[in-house]
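K.L.:
After the sequence you'll find the predicted model.
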Amino acid sequence: MGLSYINNPLRGRRPVFELFSCPSCPSKATGSPRRNWTLKSQRQNVRPHHHSSLFALTDDNPSLDILGVLDTEFDDPNIDRNEALVGVLEDDSPYPEVRSAVANTDDPTIPVGTLRAWVMGLFWAIIVPGLNQFFFFRYPSVTIMGIVAQLLAFPMGRLWAKIVPTWKIFGVSLNPGPFTIKEHVLVTIMATVGYQSAYATDVVAVQRVYYNQIFNFSYQWMMVISTQMIGFSVGGIMRRFLVQPPSMIWPTNLVTCALFNTLHSQQYAGIGTRGGISRERFFAIVFFGGICWYFVPGYLFQALSYFTWVCWIAPDNVVINQLFGYETGLGMSLITFDWAQITYIISPLSTPWWAEANVMGGFVIFFWILAPIIYYTNTWYAKYMPMSSRTSYDNTGASYNVSQILTPDGTFNMTAYQEYSPLFLSTTFAIAYGLSFASITATITHALLFFRKQIWVQSRRSIHEQPDVHARLMSRYPQVPEWWYAIVFMTMFIFGIICIEVWPTQFPVWGFVLSLIIAFVYIIPVGMIQAITNQQIGLNVITELIVGYLLPGRPLAMMMFKTWGYITMAQALQFASDFKLGHYMKIPPRTMFWAQIVASIIAGTVQLGVQSWMFTNIPDMCAPDQKDGFICPSTQVFGTASIIWGVIGPQRQFSSGQVYHGLVWFFIIGVLCPLAAWLVSLKWPHSFIRFPVIFNGTAYIPPASAVNYVTWGTVGFIFQYVIRRRHFSWWTKYNYVLSAALDSGLACSIVLIFFCLQFPKNGTIGLNSIQKWWGNTVFLNTADAKGTPLWTVNGTFGCVFWTHAS
């Protein structure tokens with residue numbers, strides 16, 4: 001067989017095949033109609049016989065139409081032409097990542113929406129969101145991740161299949177037989193669709209704690225359900241852009257799919273033929289090893305988590321601690337032994353290496369080069385504050401006390417503000433704002449330049465026409481009509497208007513509409529970037545900025561605008577991700593639709609009920625000295641943001657003459673950089689520079705710090721570049737299983753540590769022994785952990801007569 005070669009900068013030198021179809025050849029398909037292929041060298045002069053045809057990519061033959069994946073629709077950095085052709089050869093996904101985690105077959109007779117699946121799904125849709133809401137207001141806290149429900153649902157389903165009788169009630173079987181993988185997927189989706197605290201519950205909490213506003217449960221319920229479900233309706237409508245195309249791989253879902261297939265011992269071609277231990281045994285070893293190991297950096301020897309070894313040598317040297325520290329420094333110590341730190345952003349084993357390279361490039365440029373320049377030149381009076389911090393400061397170097405600039409009724413006091421201090425940010429915090437501005441404009445520019453063809457093609461293409469085996473398999477099932485999603489949207493829109501108009505929110509309807517327009521504009525470009533890179537561009541900062549200028553002095557209106565503007569998009573993408581998981585695992589779309597709707601409504605209602613009970617029955621709720629630790633840290637951050645953006649306003653931070661006015665230039669930078677990247681791509685088509693990823697990749701700073709990025713990038717380089725390139729068969733078989741096992745072990749270990757060692761006795765277990773030994777305190781006794789600035793404030797810093805916006 002003759003071969004020719006191309007060079008790919010990320011994957012090395014690989015053969016290129018030319019394919020010829022042979023319809024008369026016998027097919028080996030096991031799951032979907034396919035053609036067999038014979039390989040011909042590109043360098044051979046082949047004379048096709050009467051039933052051979054050159055691999056034709058035409059609209060008349062959508063099952064062969066991978067041309068859109070390869071080059072005509074948009075330049076996809078994840079695609080490798082040769083690997084794509086291998087996928088077509090095997091009637092599988094053009095992406096090896098997908099082939100290794102997702103089966104290319106389907107059995108439509110496998111039970112899905114059984115009574116067992118619904119009962120288990122509703123059980124977890126109550127338990128997981130309820131517990132997470134309870135601990136959401138506590139510090140220290142724990143979040144029960146979706147992967148915990150995924151793991152626990154498996155033995156629960158097996159036990160149900162073993163002990164529940166096979167009776168039927170009204171024709172519905174209590175026990176339809178063995179617990180199936182599709183039932184497991186449905187249960188997991190219902191458990192995770194609303195497992196995190198709903199964003200709007202923080203609005204309700206801030207109203208109560210900061211502004212003494214206690215509106216009734218009807219207001220709370222309609223706002224929470226509206227903010228959650230509008231995103232669902234929009235995500236459903238946008239699925240033709242974000243779910244059905246094969247290029248929208250949603251890398252995180254591949255870890256979940258690998259875990260499902262491992263638990264259910266599924267075998268499929270994409271795993272490969274590599275020998276060695278089975279994926280099931282590999283998962284078990286890593287899973288239990290991960291549970292045991294996290295007890296070391298997570299409880300027994302926490303210095304292994306914050307392994308700032310250079311700072312331990314010189315704990316009082318401020319410059320050394322700023323460069324090598326992990327908490328308020330730049331993280332040049334490079335090492336941690338804690339998977340929780342490495343995977344804080346997202347698993348490095350699921351994100352494509354080219355995307356990780358973009359993120360790390362942005363981190364080095366902006367936080368290892370630009371940040372020290374800004375800091376050590378004392379730009380923005382930076383030397384009076386820690387180099388990296390999630391706290392805002394006043395002109396004495398203390399944390400900004402927002403209560404000093406409020407009147408007794410919670411409104412802005414201009415006189416007190418002028419007498420107190422402007423607000424100052426640490427260097428990395430300020431840079432993070434600038435990068436957020438750049439990512440907002442870069443996303444739109446990038447979408448217009450790089451995604452316009454795919455958006456246009458997908459707007460006219462049905463699921464039957466998708467050039468992908470998974471789309472063709474899913475086309476067998478009845479699709480969800482878009483008018484179903486439209487009804488959900490209109491209902492939730494009405495709920496939103498009722499909340500705004502019936503209660504005194506000071507939020508105009510036009511502001512509500514504008515917030516939704518912002519979300520709608522960004523859903524497709526942000527969703528495409530996330531589906532390709534694992535990175536989501538957040539709209540929280542831009543929505544705060546817009547509403548701060550449009551509706552100054554209205555903190556509740558600011559919070560509502562931010563919630564509908566930001567969470568509508570975020571929820572739409574969360575649901576789109578779940579749609580893709582169902583797409584990969586072949587869950588009927590209409591079953592998915594009802595499961596997601598019911599689970600979302602139940603989760604939001606349970607969270608509000610738990611929150612209401614807590615504020616009614618727990619004394620001193622959200623007080624800084626609450627005896628049981630229910631100090632509401634997230635509510636404090638949310639409330640402070642409502643004051644900074646809704647009361648003080650962005651005009652006193654970013655307008656002309658203000659301290660951080662220079663950051664608005666990042667908007668222009670965000671427009672121009674993707675244009676430069678596009679021009680470069682015309683000359684070098686395989687360039688993988690993506691500025692939205694560069695600008696937004698470090699968006700977790702703060703609260704993330706350098707340790708989370710440096711180690712994340714290092715692990716990603718090892719597995720997604722070195723091992724993938726040199727040991728591809730090992731990577732194909734084990735990579736996503738390894739990620740699932742490490743994540744699962746970590747999640748279970750965190751829960752065990754919290755409930756066994758931290759929650760009992762209010763965290764006093766081992767207070768005078770294990771908690772105080774050197775390995776749990778050495779990293780705390782450094783200038784890095786203490787947040788020591790380079791210069792000591794003598795009185796105040798900044799201008800004596802500082803300007804302010806009226």
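P.N.:
Alright, I've got the coordinates.
K.L.:
Tell me which stretches of the stretch 351-500 of the chain form helices.
P.N.:
353-363, 371-376, 414-420, 427-446, 452-459, 469-474, 482-502 (DSSP state H, counting those that start in this stretch).
K.L.:
Quick one, which of the ones you listed gets closest to residue 633.
P.N.:
Between residue 633 and the helices of the stretch 351-500 of the chain, the shortest separation by CB to CB is 17.2 Å, and it involves helix 427-446. All C-beta spots, glycine's among them, are computed from the backbone N, C-alpha and C.
K.L.:
how far out from the middle of the chain is that closest one?
P.N.:
Computed by CA atoms, centre = their mean, to the nearest Å, the chain-centroid distance of helix 427-446 equals 17 Å.
K.L.:
Can I get that helix in PDB, CA atoms only?
P.N.:
C-alpha atoms of helix 427-446 as PDB (Å, rounded to 0.1, in the frame of the first residue of the first chain):
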ATOM      1  CA  THR A 427      -1.900  43.200  39.800                       C
ATOM      2  CA  THR A 428      -3.200  39.800  38.600                       C
ATOM      3  CA  PHE A 429      -6.800  40.700  39.500                       C
ATOM      4  CA  ALA A 430      -6.600  43.900  37.400                       C
ATOM      5  CA  ILE A 431      -5.000  42.000  34.500                       C
ATOM      6  CA  ALA A 432      -7.800  39.400  34.800                       C
ATOM      7  CA  TYR A 433     -10.300  42.200  34.200                       C
ATOM      8  CA  GLY A 434      -8.400  43.400  31.200                       C
ATOM      9  CA  LEU A 435      -8.200  39.900  29.700                       C
ATOM     10  CA  SER A 436     -11.900  39.500  30.300                       C
ATOM     11  CA  PHE A 437     -12.600  42.600  28.300                       C
ATOM     12  CA  ALA A 438     -10.300  41.300  25.500                       C
ATOM     13  CA  SER A 439     -12.000  37.900  25.400                       C
ATOM     14  CA  ILE A 440     -15.400  39.400  25.000                       C
ATOM     15  CA  THR A 441     -14.500  41.300  21.800                       C
ATOM     16  CA  ALA A 442     -12.000  38.600  20.600                       C
ATOM     17  CA  THR A 443     -14.800  36.000  20.700                       C
ATOM     18  CA  ILE A 444     -17.000  37.900  18.300                       C
ATOM     19  CA  THR A 445     -14.200  38.700  15.900                       C
ATOM     20  CA  HIS A 446     -12.900  35.200  16.000                       C
END
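K.L.:
now the angle from it to helix 353-363?
P.N.:
In terms of direction (axes from the mean of the first three to the mean of the last three CA atoms, to 10 degrees), helix 427-446 departs from helix 353-363 by 130 degrees.
K.L.:
Please name every helix or strand in contact with helix 427-446.
P.N.:
helix 371-376, helix 509-533, helix 540-550, helix 665-683, helix 691-696 (3 or more CB pairs under 8 Å, 6 or more residues apart in numbering; DSSP states H and E).
K.L.:
Can I get the ones you listed in TSV including mean pLDDT and distance to residue 223?
P.N.:
Listed next are the helices and strands packed on helix 427-446 as TSV, based on pLDDT from 0 to 100; distance: least, CB to CB, whole Å:
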stretch	mean pLDDT	distance to residue 223
helix 371-376	95	38
helix 509-533	92	11
helix 540-550	90	16
helix 665-683	91	31
helix 691-696	92	28
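K.L.:
Specify the stretch among the helices of the stretch 351-500 of the chain that is closest to residue 296.
P.N.:
The nearest among those, by CB to CB, is helix 353-363 at 26.4 Å.
K.L.:
what residues does the closest one touch?
P.N.:
10, 77-78, 348, 435, 532-535, 688-690, 693-695, 697-698, 706, 709-710, 712-713, 716-717, 720-721, 724 (CB atoms under 8 Å, 6 or more residues apart in numbering).
K.L.:
among the residues you listed, which ones are buried?
P.N.:
10, 77-78, 348, 435, 532-535, 688-690, 693-695, 697-698, 706, 709-710, 712-713, 716-717, 720-721, 724 (16 or more other CB atoms under 10 Å).
K.L.:
how close does residue 247 sit to residue 103?
P.N.:
Plainly put, residue 247 is 19 Å away from residue 103 if you go by CB to CB, to the nearest Å.
K.L.:
Going along the chain, name the strands of the chain.
P.N.:
4-8, 12-16, 18-21, 37-40, 53-54, 168-169, 172-173, 392-393, 424-425 (DSSP state E).
K.L.:
and the fifth one, average pLDDT?
P.N.:
Here the mean pLDDT over strand 53-54 is 32, rounded to a whole number.
K.L.:
rewinding a little: and residue 247 and residue 103? which has more neighbours close in?
P.N.:
residue 103 (26 against 21; other CB atoms under 10 Å).
K.L.:
quick one on the thing from earlier: can you lay out the helices of the stretch 351-500 of the chain as a markdown table showing distance to residue 225?
P.N.:
Shown next, in a markdown table, are the helices of the stretch 351-500 of the chain (distance: least, CB to CB, whole Å):
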| stretch | distance to residue 225 |
| --- | --- |
| helix 353-363 | 34 |
| helix 371-376 | 42 |
| helix 414-420 | 37 |
| helix 427-446 | 28 |
| helix 452-459 | 30 |
| helix 469-474 | 28 |
| helix 482-502 | 6 |
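K.L.:
and these, which one is worst for confidence?
P.N.:
Among those, helix 452-459 scores lowest, with a mean of 75.
K.L.:
What's the local residue count around residue 281?
P.N.:
11.
K.L.:
can you tell me how far residue 669 sits from residue 161?
P.N.:
The gap separating residue 669 from residue 161 is 58 Å, by CB to CB.
K.L.:
quick one: the helices in the stretch 551-700 of the chain?
P.N.:
555-562, 568-585, 589-617, 633-643, 665-683, 691-696.
K.L.:
Give me the distance from the fifth one to the chain's centre.
P.N.:
Its chain's average C-alpha position is 25 Å from that of helix 665-683, according to CA atoms, centre = their mean.
K.L.:
just checking, what packs against it?
P.N.:
Using 3+ CB pairs under 8 Å, 6+ apart, helix 665-683 sits against helix 427-446, helix 691-696.
K.L.:
for these, which one sits closest to residue 592?
P.N.:
helix 427-446 (27.8 Å).
K.L.:
Name the residues of stretch 468-487 that come out as buried.
P.N.:
Under 16+ other CB under 10 Å, the buried positions of stretch 468-487 are 468-475, 477, 479-480, 484-485.
K.L.:
I'd like to know how far the residue positioned nearest the centre of the chain sits from residue 200.
P.N.:
Nearest to the geometric centre of the chain sits residue 536, at 6.0 Å (CA atoms, centre = their mean). According to CB to CB, residue 536 stands 19 Å off from residue 200.
K.L.:
And residue 394, by the same measure?
P.N.:
From residue 394 to residue 200 the distance is 31 Å (CB to CB).
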